[in-house]
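Enquirer: Following is a predicted model, sequence given first.
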Amino acid sequence: MTLKIVAYGVRPNEVEFFHKLNKYNYELKLVEELLTHDNIETAEGQDVVLLRGNCVADRQNLEKIKSYGIKYVFTRTVGFNHIDLEACKEMNLMVARVPAYSPNSVAELSLTLAMMLLRNTAYTTNKTKNYNFKVDAQMFSKEIRNCKVGIIGTGKIGLTEAKLFKGLGAEILGNDPYPNENAKEILKYVELDELLKESDIVSLHIPYFKGENDELINKNFISKMKDGAILINTARGELQNNEDIYDAIKSGKLAGFGTDVFPNEANTFFKEFSSGDEMEDQSVRRLVDLYPKVLVTPHVGSNTDEALKNMIEISYDNINEVLTTGETKNAIEAK
């Protein structure tokens with residue numbers, strides 16, 4: 001019998017990859033929309049549910065999935081906070097993830113946002129698109145080789161970004177509770193307060209742990225940053241307090257903010273609004289309206305050819321491992 005997989009949040013440009021990489025000949029049902037309470041019925045008749053970030057895998061949906069006779073709820077993401085692991089454990093649903101994918105995908109986006117803000121390219125091109133070619137004071141900038149870049153979280157992604165900035169001549173500072181020996185050739189480890197005080201650019205690459213580092217980027221965090229610094233978050237939206245960042249940009253404490261994430265971003269990302277008034281989270285609107293000092297991308301850090309290939313291949317391998325051995329090394333469960 002051919003295994004049936006329903007995958008959610010499959011963008012049109014990803015369809016070809018799902019079919020081309022299907023070396024196990026699974027029967028695929030590719031759904032463009034994210035999994036919600038309104039479309040959970042599309043999982044009926046399938047053997048495996050394959051999610052992406054911001055899919056709703058709460059108890060309500062998991063009970064439905066269980067009732068359909070599905071045993072496997074897998075995600076093609078590193079993060080898994082969109083899945084109720086406690087409910088999965090109770091219902092004996094196996095969960096697996098993709099533990100890593102191309103670190104360059106997110107690291108390159110972080111660097112791009114930072115460099116756009118440092119060199120004021122969004123500001124400048126926004127002027128020239130209106131045929132204004134005058135050079136003003138806002139277009140003046142430092143060169144990156146005269147800057148210090150602080151990387152918070154020096155795992156694969158953080159270290160990759162550090163290497164990219166190092167290649168451009170920047171001095172790199174790092175902070176991580178678990179220092180990476182390989183990273184010490186690229187950066188200097190310092191305490192968080194020192195990193196914030198010294199860095200012209202601060203970039204986050206740390207996981208989100210509910211109840212532990214919620215809104216890490218808040219008024220107190222920002223107050224310790226260098227005046228006129230640039231802040232980048234391509235990690236998790238729950239790490240930031242939107243209002244405190246807004247206040248810091250408005251006051252001039254921060255020169256710029258680049259983000260690929262927001263708290264509760266499913267309410268905003270992957271939707272189109274005719275006006276900002278329609279947005280459920282008005283703190284997001286206020287930040288977006290600060291363009292070009294605030295640059296927002298809708299969680300596209302992993303939206304690259306290599307990262308997509310990694311996520312699909314590893315997801316397919318996870319499923320095959322379970323079918324052939326009864327388990328997978330990438331399984332996760334509630335502690």
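Expert: Noted; the coordinates are in hand. Keep in mind the model is a prediction, meaning the values are calculated, not measured. Numbering: from 1, shown residues only.
Enquirer: Is I230 part of a helix or strand, or is it coil?
Expert: strand (DSSP: H, G, I helix; E, B strand; the rest coil).
Enquirer: these two touch, right, it and T259?
Expert: No. Checked against C-beta atoms under 8 Å, the pair I230 and T259 is beyond contact range at 11.5 Å. C-beta here means a position set from N, CA and C on the backbone, and glycine is covered the same way.
Enquirer: what sits in contact with each of those two?
Expert: Counting by C-beta atoms under 8 Å, 6 or more residues apart in numbering, I230 and T259 have no contacts in common.
Enquirer: Run through the residues that contact the closest residue in space to R236 that isn't next to it in sequence.
Expert: Closest residue in space to R236, ignoring its immediate chain neighbours: Y208 at 3.7 Å, by C-beta to C-beta, 6 or more residues apart in numbering. Neighbouring residues of Y208 by C-beta under 8 Å, 6+ apart: 79, 81, 214, 235-236, 238-239.
Enquirer: Out of those, name the two that are farthest from one another.
Expert: G79 and D214 (14.8 Å; C-beta to C-beta).
Enquirer: ok so the residue nearest to R236 is a helix residue?
Expert: No. Read with three-state DSSP, Y208 is coil and lies in no helix.
Enquirer: buried residues in stretch 289-298?
Expert: Neighbour-count burial for stretch 289-298 flags 290, 292-297 (criterion: 16 or more other C-beta atoms under 10 Å).
Enquirer: who touches it?
Expert: So stretch 289-298 is in contact with 109, 113, 116-117, 120, 122-123, 126, 246, 249-250, 255-260, 265, 268-270, 276, 287-288, going by C-beta under 8 Å, 6+ apart.
Enquirer: Repeat that for stretch 322-332.
Expert: With C-beta under 8 Å, 6+ apart, stretch 322-332 has contacts from 3, 72, 80, 85, 94-99, 314, 317-319, 321.
Enquirer: Show me how to select, in ChimeraX, the buried members of the residues you listed.
Expert: In ChimeraX, this line selects whichever of these come out buried by 16+ other C-beta under 10 Å:
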select :3,72,80,85,94,95,96,97,98,314,317,318,319,321
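Enquirer: Next step: the contacts of stretch 322-332 restricted to helices.
Expert: 85, 314, 317-319, 321 (DSSP state H).
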